[in-house]
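J.: Test case, fold it:
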Amino acid sequence: MKISQRAQSIDPFFAMEFGKRAAALEAQGHPVIKLSLGEPDFGPPPAVLEAARSAVDGPLPYTGALGTPALRAAIAGFYLREHGVTISPNRIIVTAGASAALLLVTAALVDSGDEVLVGDPSYPCNRQFLSSFGAQVKLVATDAASRFQLDAASVRANWSDKTQGLMIATPSNPTGTSVPLAELRAICDWARERGAWRIVDEIYLNLGDRDAEGRAPQTVLSVDDDAIVINSFSKYFGMTGWRLGWAVVPEALVPTMERLAQNYYICASSLSQQAALACFTPESLAVCEERRQEFARRRALVLAGLAGIGLPVPVPPDGAFYVYFDVSGTGLTAWEFCERVLDEVQVALTPGKDFGHCGADRYVRLSYAASSEQLAEAIRRLGRFMQTVAG
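T.: Residues are numbered from 1 along each chain as shown. Below you'll find the model as predicted:
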């Protein structure tokens, strides 16, 4: 059987590979602590589960390809309430997970040979979608000085006549760092002035730290109304397996997105859409906010623990639930470090190789989406491993 060049060019998702190895060790009876995947351990708010139970007893037909009007309106209300931004529900496309949102957006915008700027490190699936539609992904090296994010200077330095767009994730997977709003505005202004599109992955936006007045981080739509936003119910709302996300796009792009959705997957899950309406009640939002604060407490635990065992974090995260730490002082590559830690002390982590080329051998991602008890035990195990390496 002939396999397409498109399929052959896609690298493995190494976080999933380490997850499989962790599962195999568990099956052998080893008590593995899995910090390799970004999956909140809470699940959805209770009201979402109750809404799903109620929905199962009723009809679950196909919905419109753009999503139910009620859910699109609820998402628009969330932007107004949480971020002070008014968005027409007509611009909101409900999708079968954030991955489907990115699928539609990429199919709508990318032609073969288009150059797209993406920061390195970054979430691997984002660039794989772009490449699958023929984009020439230009990975732009970042470092601690830029918070492992694209900034206006790096965008200007790497722009070419072939550049048709850029993709930013803020807060980022794998680093948990965000782009300051003024910098994000400058990046978007530069691209917009050159007729290029801007895709901004805001999947972790509402898990970002609040400001001194307690306000949520600002969406890119507050400074660039024509930016294309990707978001999800998976992280802030804890609905990972429900496969529900959304995109916010300019009005002119909506008919194209609708045609693509109709042909690619018809619609997002009717059950998930009905259940997700319960995310936006005051009670559910209060639950999600408490969980965000719990993630902040877990982050503090992990940062203090890593510092105590000699694993530095060059840029402390301000969102998501990831820590990107430096293992170069151990004398091991990131891949070797992750292999040995999994085999010797049964902690599953993700090597930097998953996220690009820049620092791939130096950095490791830890997801603190696990319980505080598991995180504390993981730090103890990593401490024992570090003593072994030092010895």
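J.: quick one, helices of the stretch 101-250 of the chain?
T.: Counting by DSSP state H, counting those that start in this stretch, the stretch 101-250 of the chain has helices at residues 124-132, 152-158, 181-193.
J.: Any buried residues in the lengthiest helix in the chain, and which?
T.: Scanning the chain for the longest helix, with DSSP state H as the assignment, gives helix 282-308. Using 16 or more other Cβ atoms under 10 Å as the test for burial, helix 282-308 gives 284-285, 287-288, 291-292, 294-296, 298-299, 302-303, 305-306. In this view, the C-beta of every residue, glycine as well, is placed from N, C-alpha and C.
J.: any idea how far residue 382 lies from residue 388?
T.: Using Cβ to Cβ, to the nearest Å, we find residue 382 at a distance of 10 Å from residue 388.
J.: Please apply the same query to residue 321.
T.: Distance, residue 321 to residue 388, by Cβ to Cβ: 28 Å.
J.: so what's the nearest residue to residue 267 once chain neighbours are set aside up against?
T.: Spatial nearest neighbour of residue 267, chain neighbours left out: residue 63 (4.6 Å); criterion: Cβ to Cβ, 6 or more residues apart in numbering. Going by Cβ atoms under 8 Å, 6 or more residues apart in numbering, residue 63 touches 267, 268, 270, 273.
J.: out of those residues, which are inside helices?
T.: Per DSSP H, the contacts of residue 63 map to helices at 270, 273.
J.: my guess is residue 219 contacts residue 202, does it?
T.: Yes - when contacts are counted by Cβ atoms under 8 Å, residue 219 is listed as touching residue 202 (6.1 Å).
J.: Wait, residue 123 touches residue 173, no?
T.: Yes - counting by Cβ under 8 Å, residue 123 touches residue 173, with 4.5 Å between them.
J.: More neighbours: which of those two?
T.: residue 173 (27 against 23; other Cβ atoms under 10 Å).
J.: still on that earlier bit, between the buried residues of helix 282-308, which is nearest residue 363?
T.: Using Cβ to Cβ, residue 306 comes nearest to residue 363 of those, at 12.3 Å.
J.: How about the closest one: what's its closest non-neighbour residue?
T.: Residue 306 sits nearest to residue 325 (Cβ to Cβ, 6+ apart), 5.5 Å away.
J.: Can you dump the C-alpha atoms of stretch 37-52 in PDB for me?
T.: What follows is the C-alpha trace of stretch 37-52 in PDB, where atoms were taken according to Å, rounded to 0.1, in the frame of the first residue of the first chain:
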ATOM      1  CA  LEU A  37       0.000  14.800  29.000                       C
ATOM      2  CA  GLY A  38      -1.900  18.100  29.400                       C
ATOM      3  CA  GLU A  39      -5.200  16.700  30.700                       C
ATOM      4  CA  PRO A  40      -6.800  18.300  33.800                       C
ATOM      5  CA  ASP A  41      -7.600  15.800  36.500                       C
ATOM      6  CA  PHE A  42     -10.800  17.500  37.500                       C
ATOM      7  CA  GLY A  43     -13.100  16.700  34.600                       C
ATOM      8  CA  PRO A  44     -16.000  19.100  33.700                       C
ATOM      9  CA  PRO A  45     -18.000  21.100  36.300                       C
ATOM     10  CA  PRO A  46     -20.800  19.000  37.900                       C
ATOM     11  CA  ALA A  47     -23.500  20.900  36.100                       C
ATOM     12  CA  VAL A  48     -22.000  19.900  32.700                       C
ATOM     13  CA  LEU A  49     -22.300  16.200  33.700                       C
ATOM     14  CA  GLU A  50     -25.900  16.700  34.800                       C
ATOM     15  CA  ALA A  51     -26.700  18.500  31.500                       C
ATOM     16  CA  ALA A  52     -25.200  15.600  29.600                       C
END
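J.: So which of the contacts of residue 63 wins on neighbours?
T.: residue 268 leads the contacts of residue 63 on contacts (other Cβ under 10 Å) with 31 neighbours.
J.: For that residue, which non-adjacent residue is spatially closest?
T.: Closest residue to residue 268 apart from its sequence neighbours, by Cβ to Cβ, 6+ apart: residue 96 at 4.6 Å.
J.: who's in contact with stretch 355-364?
T.: Defining contact as Cβ under 8 Å, 6+ apart, one finds that stretch 355-364 is touched by 120-124, 139, 141-143, 174, 324-328, 333-335, 337-338, 349-353, 365.
J.: now stretch 382-391
T.: Contacts of stretch 382-391 (Cβ under 8 Å, 6+ apart): 305-306, 308-311, 330-332, 340-341, 344-345, 347.
J.: Let's see that with 6 Å instead.
T.: The contact list for stretch 382-391, computed with Cβ atoms under 6 Å, 6 or more residues apart in numbering, reads 309, 310, 330, 341, 345.
J.: Name the nearest residue to the fourth one, ignoring sequence neighbours.
T.: For residue 341, ignoring the flanking residues on the chain, the nearest one in space by Cβ to Cβ, 6+ apart is residue 347 at 5.1 Å.
J.: ok, now residue 326?
T.: Among residues not flanking residue 326 along the chain, residue 312 sits closest, at 4.9 Å (Cβ to Cβ, 6+ apart).
J.: thought the one you found was touching residue 327?
T.: No - assessed by Cβ atoms under 6 Å, residue 312 is found out of contact with residue 327, at 9.3 Å.
J.: ok, those two, which is more surrounded?
T.: More neighbours surround residue 327 than the other of residue 312 and residue 327, with 26 against 11 (other Cβ under 10 Å).
J.: per-residue confidence at the spatially closest residue to that one that is not a sequence neighbour?
T.: Nearest residue to residue 327, sequence neighbours excluded (Cβ to Cβ, 6+ apart): residue 337, at 4.5 Å. With respect to pLDDT, residue 337 scores 97.
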